[in-house]
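> A predicted structure for the sequence below; I have some questions about it.
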Amino acid sequence: MKVGTTANRLLTSLGIGAALVVVGCGGSGVVAPPSVRLAGVALDATSHQPIGGVQIQAGTKTATTAVDGTFVLTGLSPHESVSLVACAFQPTNVIAPSKSGKLTVRLTELPVTGTVVSNLTHTGLAADVTEATVTTTGKTDGTFSIQGPCPNGILSLSSAGYAAGTVTVGDTRKVTATLLADPATTVLQEVAWETVQNWAAECVLIEPDTLAYTSVKACIALLANEARQGYQNVSEVVHSVTYTTWTFPRCSHARFGPKTYAHVASINYTLQQTTPGGGVTAINGIQHMVQTADGFWRWFPLSSNCT
């Protein structure tokens, strides 16, 4: 019997490869390859600026880029997969080299997209969208795209004629926000509705307390009747808006009023209105509006019984 052959068969039956056997004193098997030290820098693929805070991982080994984007990861195996993750960038994987070296990794920034709409018309608004030091202006249909925000980031929104607002970025990186029209914008929109005889849109904005002496249906009927008689509002100019305390007069037939409201918008305007004879006359006046909990500025229909 050949001793060497029997020994090899025994090792094989035990699942031990012959290449891993240490032979005799001073003998050696296969030597493990040296570990790799990877030094590098993470850059924005578009701006080429360094990215701090990028999480780097290869197996159980981790590192984080410094403010200047640099990082060092040690103990890697040659050709080991290395992942780079940052909340505002597309996750990226690279392969460690066969020996220690330096590497530049360029990450692609992920946008946050969304739409800003008006609470009055439910149509898009061109709004300025800001996150930290980055600002972009949306399109006239209300859509926008901004680079840089992470999930849970806060976007600040502003548009002329509307109260500023904010929206939080979610994991989908897609947002929708509604801005609240200010009193002047609301008054001008009411006249715009009248020019196309959309009485219902205007009348749903009457102040809820006025339902003590009128109704949305009665409001619509009144405006439609005035238009049939030739009195049609066609345009309006708002000269000023001041905020004050104001008292609604007494309505004897409805047992309503007087009632005092705080923070009332007092709107000084000039209204252009058609007349039955075919002309246009200018009407100067003051309109009072109160903001309700839903954010709408609401108006008070006139009534001859409220004096």
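That came through, no problem.
> which element is Ala221 on?
Ala221 belongs to helix 216-228 when assigned by DSSP states H and E.
> by contact count, what packs against the helix or strand following that helix?
Tracing the chain C-terminally past helix 216-228 and defining elements by DSSP H and E, one meets strand 233-248 next. Under the contact definition 3 or more Cβ pairs under 8 Å, 6 or more residues apart in numbering; DSSP states H and E, strand 233-248 sits against helix 183-195, strand 259-274, strand 280-291. For every residue, glycine as well, the C-beta is placed using N, CA and C.
> change it to 7 Å
If you count contacts as 3 or more Cβ pairs under 7 Å, 6 or more residues apart in numbering; DSSP states H and E, strand 233-248 packs onto helix 183-195, strand 259-274.
> Keeping just the C-alphas, turn stretch 79-96 into CSV.
Taking C-alpha atoms only, stretch 79-96 is exported to CSV below (Å, rounded to 0.1, in the frame of the first residue of the first chain):
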residue,chain,number,x,y,z
HIS,A,79,-12.2,43.1,-6.5
GLU,A,80,-14.6,43.4,-3.5
SER,A,81,-17.8,45.4,-4.2
VAL,A,82,-18.0,48.8,-2.4
SER,A,83,-21.2,50.7,-2.1
LEU,A,84,-21.6,54.5,-1.7
VAL,A,85,-24.9,55.9,-0.4
ALA,A,86,-25.9,59.5,0.2
CYS,A,87,-29.5,60.6,0.6
ALA,A,88,-29.5,63.2,-2.2
PHE,A,89,-27.6,61.0,-4.7
GLN,A,90,-28.1,57.8,-6.7
PRO,A,91,-26.6,54.8,-4.9
THR,A,92,-23.4,53.7,-6.6
ASN,A,93,-21.2,50.6,-6.5
VAL,A,94,-17.6,50.3,-7.4
ILE,A,95,-15.1,47.4,-7.4
ALA,A,96,-12.0,47.5,-5.3
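> check contacts around Leu120.
Applying Cβ atoms under 7 Å, 6 or more residues apart in numbering to Leu120 gives the contacts 181, 186, 189.
> Sketch out the strands for the stretch 1-150 of the chain, chain order is fine.
Defined through DSSP state E, counting those that start in this stretch, the strands belonging to the stretch 1-150 of the chain, from first to last, are 36-44, 55-58, 61-64, 70-76, 81-85, 92-95, 101-107, 111-118, 128-131, 134-137, 143-147.
> What strands line up against the third one, and which way round?
Looking at strand 61-64 with DSSP bridges, its paired strands and their directions are strand 55-58 (antiparallel).
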